[in-house]
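Student: what's the 3D shape of this:
(chains A and B)
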Protein chains: 2
Amino acid sequence: MTAPDPLADILSSLARLEPGHVWLAGAGPGGPGTLTLDTLAGLRQADVVVHDALVDRAVLDLAGPGAVLEFAGKRGGRPSAQQADISARLVALAREGRRVLRLKGGDPFVFGRGGEEMLTLAAAGIPFRVLPGVTAGLAALAVAYIPATMRGVNQAVVLATGYSAEEGEEAARWAALARSGQPLVIYMAMSRLGGIADSLIAAGLPPETPAAVVASATAPGQRVIVAPLAGIDQEAREAGIEPPAILVVGGIVPLRAEVLRLIEAHGGATA
Amino acid sequence: MTAPDPLADILSSLARLEPGHVWLAGAGPGGPGTLTLDTLAGLRQADVVVHDALVDRAVLDLAGPGAVLEFAGKRGGRPSAQQADISARLVALAREGRRVLRLKGGDPFVFGRGGEEMLTLAAAGIPFRVLPGVTAGLAALAVAYIPATMRGVNQAVVLATGYSAEEGEEAARWAALARSGQPLVIYMAMSRLGGIADSLIAAGLPPETPAAVVASATAPGQRVIVAPLAGIDQEAREAGIEPPAILVVGGIVPLRAEVLRLIEAHGGATA
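Tutor: Alright, predicted model coming up:
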């Protein structure tokens, strides 16, 4: 007699990854905790898992015993050439009849180049699905006690990238985002933190605008630094913050200090 | 001899929901497929699951056999009074020593009032955790083949709400968002779709700006309507679209038509 296993039942009730098909899936930002059941089902069925550098080792360990793990991340440098190579590799694997899971950290459509891979698969006649994941920016807010939206504070939030291939229009873009009047959640911000802060201040954000850097959200090395926008670069550097990290700017940031103050005052603890 | 069950191992390796603690968790937008493993672990450990109307029945069915399911959603009307009641209820349950899962559709911090519940728990000295979920707006993009960000199209995306308690500042807020120059993903847009489209056009967005409405993303009744911004309200009404639905506005929307055209031209199919 074996006890019923409701988890196995759930997974078997989810979609089948068929031979010759590709799922473009998000793994969430950290360990298995932020993985979705659809993506887990893909991991368990895939013949090949083509993953990037941001996918946690503990997540890859959930792949089926016969699955081949292929690293296909980008480590800076010539992104366009490598992106075309990755898309072509997905097509080739599908044409060999493999069940292919393309696994990206976070969400495949949020600064993840999933759109380009989708277009390549469609142009090659490869059947595919896009599986959303928990995006790193919103996970960073959750673990840092910073609500993405808060009644009376904001009614929108901007997800932006600190990385830009097109240098020229940087300043204009940050200016437009600053003038949105809404909090900014900026991915891949570490390498140009000072420049981004300067651009936002030049565009009219007060230097004392609250800012936070959340590094390695949901992972063991998770850290949160809070400082005024004008000082966030120096604070983060002095604290030795390393990528991956998310920069948060705006009126939602002080909620963190308020919640930490309440926890301290009322004897609570984080669960 | 029982075969090893790696799934049970995974769940047991995740955090423990302790008596008297509350987890504020996101269930994702639809069925079990977008549920995260952390939230599933919470469902299996909770004595009480306090859920809103957007949490799918199939998700609630994953709660442990002894769990009590309590509905605490808002169905329009007096949101503030009801929100205070919900927060107070979480505190009361925790003080009774229950393991409490506060389960919301999508992500608890994205238009989910999770910030207010967090502050109430902190002020009451109740230990809590915030578990991110797949937010409805980004899930809608994934299933509609609309990348949230696409190289050469946009380097940011705005998540906004179509619901506003403060009527007066509506026009100014939409004007600022329109001028961000970035695509908008608007939650709870159905009840004032025409007004939002008019405000965005009045603020300078061309009437022919591409727009889409994605209803019931990831759920069985999922539907996608595409039209120019000036016509999206009429198209959605003629199609009988019902909430919950997400409005998407901007240069990322035409990627959907492109991918559907490629699929048709190259004999592919969606997986």
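Student: All the strands of chain A, in order from the start?
Tutor: Counting by DSSP state E, chain A has strands at residues A:22-26, A:48-51, A:68-71, A:100-104, A:128-131, A:156-161, A:184-187, A:210-215, A:223-228, A:245-249.
Student: neighbouring strands for the last one, and are they parallel or not?
Tutor: When sheet partners are counted by DSSP bridges, strand A:245-249 sits next to strand A:184-187 (antiparallel), strand A:210-215 (antiparallel).
Student: quick one: which of those strands is nearest B:Pro207?
Tutor: Smallest distance to B:Pro207 across the strands paired with strand A:245-249 (Cβ to Cβ): 28.3 Å, for strand A:184-187. The C-beta positions use only the backbone N, C-alpha and C, and glycine is treated the same way.
Student: picking up where we left off before, right, and the strands paired with strand A:245-249 - which one's nearest A:Ala46?
Tutor: Evaluated with Cβ to Cβ, the strands paired with strand A:245-249 place strand A:184-187 nearest to A:Ala46, the distance being 26.4 Å.
Student: quick one: A:Leu24 and A:Ala94 touch, right?
Tutor: No: the criterion here is Cβ atoms under 8 Å, and A:Leu24 misses it with A:Ala94 at 11.7 Å.
Student: So which of these two has more stuff around it?
Tutor: The neighbour count for A:Leu24 versus A:Ala94, taken as other Cβ atoms under 10 Å in any protein chain shown, is higher for A:Leu24 (29 against 24).
Student: Taking their axis directions, the longest helix along chain A and strand A:100-104 sit at what angle?
Tutor: In chain A, assigned by DSSP state H, the helix with the most residues is helix A:79-95. Relative orientation of helix A:79-95 versus strand A:100-104 (axes from the mean of the first three to the mean of the last three Cα atoms, to 10 degrees): 150 degrees.
Student: picking that back up, in JSON lines, list the strands of chain A along with mean pLDDT.
Tutor: Formatted as JSON lines, the entries for the strands of chain A read as follows, by pLDDT from 0 to 100:
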{"stretch": "strand A:22-26", "mean pLDDT": "98"}
{"stretch": "strand A:48-51", "mean pLDDT": "97"}
{"stretch": "strand A:68-71", "mean pLDDT": "96"}
{"stretch": "strand A:100-104", "mean pLDDT": "97"}
{"stretch": "strand A:128-131", "mean pLDDT": "97"}
{"stretch": "strand A:156-161", "mean pLDDT": "96"}
{"stretch": "strand A:184-187", "mean pLDDT": "97"}
{"stretch": "strand A:210-215", "mean pLDDT": "97"}
{"stretch": "strand A:223-228", "mean pLDDT": "97"}
{"stretch": "strand A:245-249", "mean pLDDT": "97"}
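Student: Dump the ones you listed into a markdown table; add distance to B:Gln234 as well.
Tutor: A markdown table is the format used below for these (distance: least, Cβ to Cβ, whole Å):
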| stretch | distance to B:Gln234 |
| --- | --- |
| strand A:22-26 | 33 |
| strand A:48-51 | 43 |
| strand A:68-71 | 48 |
| strand A:100-104 | 37 |
| strand A:128-131 | 29 |
| strand A:156-161 | 25 |
| strand A:184-187 | 34 |
| strand A:210-215 | 42 |
| strand A:223-228 | 46 |
| strand A:245-249 | 38 |
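Student: shaky segments in the stretch 1-150 of chain A?
Tutor: Counting by pLDDT under 70, the stretch 1-150 of chain A has low-confidence residues at A:1-6, A:74-81.
Student: one more time with 50, if that's ok
Tutor: Counting by pLDDT under 50, the stretch 1-150 of chain A has low-confidence residues at A:1-2, A:80.
Student: on that earlier part again, let me know which of the strands of chain A is the nearest to B:Val253.
Tutor: Between B:Val253 and these, the tightest spacing by Cβ to Cβ is seen for strand A:128-131, at 15.3 Å.
Student: what residues does stretch A:41-52 touch?
Tutor: Where contact means Cβ atoms under 8 Å, 6 or more residues apart in numbering or on different chains, the residues beyond stretch A:41-52 that reach it are A:11, A:14-17, A:19, A:23, A:25, A:27, A:59-60, A:62-64, A:66-74, A:86, A:89-90, A:93, A:98-105, A:131, B:33.
Student: which of those count as buried?
Tutor: When these are checked for burial by 16 or more other Cβ atoms under 10 Å in any protein chain shown, the buried set is A:11, A:14, A:17, A:23, A:25, A:27, A:59-60, A:62-63, A:67, A:69-70, A:72, A:74, A:86, A:89-90, A:93, A:98-105, A:131, B:33.
Student: A:Val134: what's it in contact with?
Tutor: A:26, A:28-29, A:34, A:36, A:106-107, B:36, B:107, B:132-134.
Student: between A:Leu24 and A:Ala94, what contacts are shared?
Tutor: Counting by Cβ under 8 Å, 6+ apart, the contacts common to A:Leu24 and A:Ala94 are A:Leu121.
Student: Quick one: neighbours of A:Pro206, just the number.
Tutor: When counting by other Cβ under 10 Å, one arrives at 11 neighbours for A:Pro206.
Student: Tell me the spacing between it and chain B.
Tutor: Noted for A:Pro206: a distance of 17 Å to chain B, by Cβ to the nearest Cβ, to the nearest Å.
Student: Those residues of the stretch 151-271 of chain A touching chain B, which are they?
Tutor: Taking Cβ under 8 Å from any Cβ of the partner chain as the criterion, the stretch 151-271 of chain A approaches chain B at residues A:151, A:155-161, A:164-165, A:173, A:176-177, A:179-182, A:218, A:252, A:255, A:258-259, A:262-263, A:266-271.
Student: ChimeraX command to pick out the buried ones of the residues you listed?
Tutor: The buried subset of these, as determined by 16+ other Cβ under 10 Å, is captured in ChimeraX by this line:
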select /A:151,155,156,157,158,159,160,161,173,176,177,180,181,182,218,252,255,259,262,263,268,271
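Student: Take the residues of the stretch 151-271 of chain A next to chain B and keep only those in helices.
Tutor: Using DSSP H, the subset of those located in helices is A:173, A:176-177, A:255, A:258-259, A:262-263.
Student: Who are the contact partners of A:Gly97?
Tutor: Under the criterion of Cβ under 8 Å, 6+ apart, the contact partners of A:Gly97 comprise A:19-20.
Student: same thing with the one 5 residues further on?
Tutor: If you count contacts by Cβ under 8 Å, 6+ apart, A:Arg102 has them with A:22-25, A:50-51, A:90, A:108, A:117.
Student: who does it bridge with?
Tutor: When bridges are assigned using DSSP bridges, the partners listed for A:Arg102 are A:Leu24, A:Val50.
Student: how near is it to chain B?
Tutor: To chain B, A:Arg102 is 12 Å away according to Cβ to the nearest Cβ.
Student: Rebuild the contacts of A:Val134 as a markdown table, extending it with distance to A:Arg223.
Tutor: As requested, the contacts of A:Val134 are arranged in a markdown table below (distance: Cβ to Cβ, whole Å):
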| residue | distance to A:Arg223 |
| --- | --- |
| A:Gly26 | 23 |
| A:Gly28 | 19 |
| A:Pro29 | 14 |
| A:Thr34 | 18 |
| A:Thr36 | 25 |
| A:Gly106 | 18 |
| A:Asp107 | 22 |
| B:Thr36 | 22 |
| B:Asp107 | 22 |
| B:Pro132 | 17 |
| B:Gly133 | 23 |
| B:Val134 | 24 |
